[in-house]
Each structure stands twice: as C-alpha cells, then as structure tokens.
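Trainee: using only what follows, build the 3D model:
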Amino acid sequence: MISIASLWLPILLSAAAVFIVSSIIHMFLGYHNSDFKKLPDEDRVMDDLRKANIPPGDYMFPYTTDSKERNSQEFKDKMSRGPMGVLSVFPGGSANMGSSLAQWFVYCVIVGIFAAYVAGRALPAGADYLAVFRFAGVTAFVGYGLALMQNSIWYKKSWTATLKSIFDGLIYALVTGGIFGWLWVAA
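Mentor: Predicted structure coming up:
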C-alpha cells in the first residue's frame, strides 16, 4: 500500500498535463465548436432576458417543486405548449476565464488524488507499469468522463457534445495513467 502523500509528483504532474492537453483540445482542435447552437433571433432573446433582470444561476422552465402543482392542469398545459428547457445565466461583462481555469486545475488535482488513492491501495511500490496505468487510468476516466452522461440523460444536453467530452475524458485518463505508470517506481 502506497500513501497518497508519496504520490504527490504524479498527482501534480498529471493534473498539469491534463490541463495542458485540455487547453490544446479546446483552443486548437475545434471539435467542440458545435457543442452549442446560436439562438434564433439572438439579439431579441438577449434583450428580453436583460429586461427580465434574471440573476446569474441555473433555471428550469416550466418549474415546480411541488408534486401537487406538477399534476395540475395548468402546469401540464405549460409543459405541452412548451418550450421546456434548462438555462444557465452568467453575469454580464467580459468573460474572465481565470477563475474557471483555476477551478479546472483544482479538479484535475482532485481526480489525480483519487487515482493515487485507488492505485496506491491496490498496488505495491515497484508494481508493473501496465498495472499502474490501468488502475490510475480507469479511476481518472470515471472522474473525467462517466459522470458527464447525466447531463444528457437528465438535462437533455446533446449526446454528441457529451460523447465528445467523454472522449476528452478518455484522453485525460490515458495521460493520467501514463504519468502514474511512469512515476510509480519513484513512489
């Protein structure tokens, strides 16, 4: 059994590598450009949303938390008339990516910690590269990829966009597994 603390180097190096690989994927490869669509009559819709003065947050429409209301004819009529949707509203102003990038890096570290925990509990020091690669890589794939399916199942995000992100998760998992396998001897 290997402690998480002794695996700090593969944790941080894999997080940095995934951060770089994800930047390359999103800035240069362009296959995520079609993940979202432009609203028809975007300017009018944005003007209407500004007039509604909606605070930043996540919204579902039509919305109810009450099962009695959910079964009312009025609510059923709203549902059948449509549209239905999920809306995330961000604050206005320039898009500051700094906070999101910092959170993404922290998330990558957290995935690395879980990969270190699982591999460290399953494998001894000096374990074979491929065994380390498998344990760390599969754990990282669960963290980076599998949970994304919930967005398509429950929030109707495009399955194409979700599958592309799961593919990204596979790449991140391969990078994580490779770095753990490479640095395992040092553990």
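Trainee: list the beta-bridge partners for Val86.
Mentor: For Val86, the residues forming beta bridges with it (DSSP bridges) are Met60.
Trainee: please parse the chain into its domains.
Mentor: By the assignment in automatic domain parsing, the chain contains the domains 5-36+95-186, 42-89.
Trainee: so which residues of the chain form helices?
Mentor: Secondary structure of the chain (DSSP state H): helices at 8-24, 42-52, 67-70, 73-81, 98-122, 129-144, 149-155, 159-183.
Trainee: looking at those helices, which is nearest to Leu87?
Mentor: helix 42-52 (8.6 Å; C-beta to C-beta). All C-beta atoms are positioned from the backbone trio N, CA, C, and that covers glycine.
Trainee: which of the residues in the worst-scoring helix or strand of the chain on mean pLDDT are buried?
Mentor: Evaluated with mean pLDDT, DSSP states H and E, the helix-and-strand set of the chain has its lowest mean pLDDT in helix 67-70, which scores a mean of 84. Of the residues in helix 67-70, none count as buried by neighbour count, 16 or more other C-beta atoms under 10 Å.
Trainee: as a quick check, tell me the outermost residue of this protein.
Mentor: Gln73 (37.0 Å; C-alpha atoms, centre = their mean).
Trainee: roughly how far does that residue sit from Leu183?
Mentor: In this structure, Gln73 and Leu183 are 63 Å apart, going by C-beta to C-beta, to the nearest Å.
Trainee: again, but for Gly126
Mentor: Distance, Gly126 to Leu183, by C-beta to C-beta: 12 Å.
Trainee: those two - which one has more neighbours?
Mentor: Ranked by neighbour count (other C-beta atoms under 10 Å), Gly126 and Leu183 place Leu183 first, with 16 against 10.
Trainee: the more buried one touches Leu13, doesn't it?
Mentor: Yes - applying C-beta atoms under 8 Å as the test, Leu183 and Leu13 come out as touching, 6.9 Å apart.
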